[in-house]
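[1] I need the structure of the sequence given here:
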Amino acid sequence: MSARLRRVLVVPVALLGFAAAGCGNSIEGAAVAQPGSSDVGSVSSGTSPSGASADCVALTKALGRLVSDRPHLTEAVLPGSTDPTCSWSKGPTNVMSTITASVRPQVTDPAVIVEMRNGTNVVADPRSAEFGGVVLDVVAMALLTPEHSIIVNALDPSVSDATKLDVAFAIAEYLEN
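    Here you go, the predicted structure:
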């Protein structure tokens, strides 16, 4: 993996001080973007190439049941970025209950993604083929597709890697629709 790509994937996560994710294992699941039930205030951001909004309110609705037990939404934009990082927690002072997702539009050559599948940080998840992507366990769970970098982590130790991946794939599905 190139140093530039490693920086693109790791730096935003490291800046937020995320806890390290588990080791790369094969994980299967079926994340489906759903209409959400959260009632959070409107926050605006850019749109994906397909026209789907990548703002935190829209992602909350798309994630539905995956974040429904964490109704407190926080949006942050890191210095030098215009893309929001969304955090869902059980309350404004309950930091350890947080699930965080960062979505960045990022064009990656499909040949590079194919090569990355041979790396040591790869998580074998059959859903990645549906998006032409690769899943990497790099401090957090990162789904890299030809159009986006989606990084998901949780400070809550009860949130499994499978759940983090369900969130990442639900976001990818939402962005494609």
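[2] where does this protein have its least confident helix or strand?
    Within the chain, no helix or strand scores below helix 3-15, which has a mean of 38 by mean pLDDT, DSSP states H and E.
[3] tell me the mean pLDDT over the helix or strand just after it?
    Following helix 3-15 in sequence order, the next helix or strand is helix 56-63 (DSSP states H and E). For helix 56-63, the mean pLDDT works out to 94.
[4] K61: neighbour count?
    18 (other Cβ atoms under 10 Å). Every residue, glycine included, has its C-beta placed from N, CA and C.
[5] Tell me if I'm right that V167 and R65 touch.
    No. Shown here, V167 and R65 do not form a contact pair, counting by Cβ atoms under 8 Å, at 10.8 Å.
[6] Please identify which of the two sits among more neighbours.
    Neighbour tally, V167 and R65, criterion other Cβ under 10 Å: the higher count belongs to V167, 27 against 12.
[7] residues contacting S128?
    Neighbour list for S128: 134-135, 143 [criterion: Cβ atoms under 8 Å, 6 or more residues apart in numbering].
[8] element containing it?
    helix 127-130.
[9] buried sites along that helix?
    127-128 (16 or more other Cβ atoms under 10 Å).
[10] what sits opposite C86 in the beta ladder?
    E75, A101 (DSSP bridges).
[11] Count the neighbours of it for me.
    26.
[12] Mind naming the longest helix for the chain?
    The longest helix of the chain (DSSP state H) is helix 161-176.
[13] So which elements touch that helix?
    helix 56-63, strand 99-105, strand 134-138, strand 140-144, strand 148-154 (3 or more Cβ pairs under 8 Å, 6 or more residues apart in numbering; DSSP states H and E).
[14] Could you rerun that using 10 Å?
    helix 56-63, strand 99-105, helix 127-130, strand 134-138, strand 140-144, strand 148-154 (3 or more Cβ pairs under 10 Å, 6 or more residues apart in numbering; DSSP states H and E).
[15] Show me what secondary structure element comes after the second one.
    It stands for strand 99-105. Downstream of strand 99-105, the first helix or strand assigned by DSSP H and E is helix 110-116.
[16] Kindly spell out which helices and strands sit in contact with that following helix.
    Using 3+ Cβ pairs under 10 Å, 6+ apart: helix 110-116 touches strand 134-138, strand 140-144.
[17] Would you mark the buried spots in the first one?
    So that's strand 134-138. Buried-residue list, strand 134-138, by 16+ other Cβ under 10 Å: 134-138.
[18] Stretch 97-106 now?
    Of the residues in stretch 97-106, those buried (16+ other Cβ under 10 Å) are 97-104, 106.
[19] again with stretch 147-167
    147-156, 159, 161-167.
[20] neighbours around E173, how many?
    Residues contacting E173 under the criterion other Cβ under 10 Å number 18.
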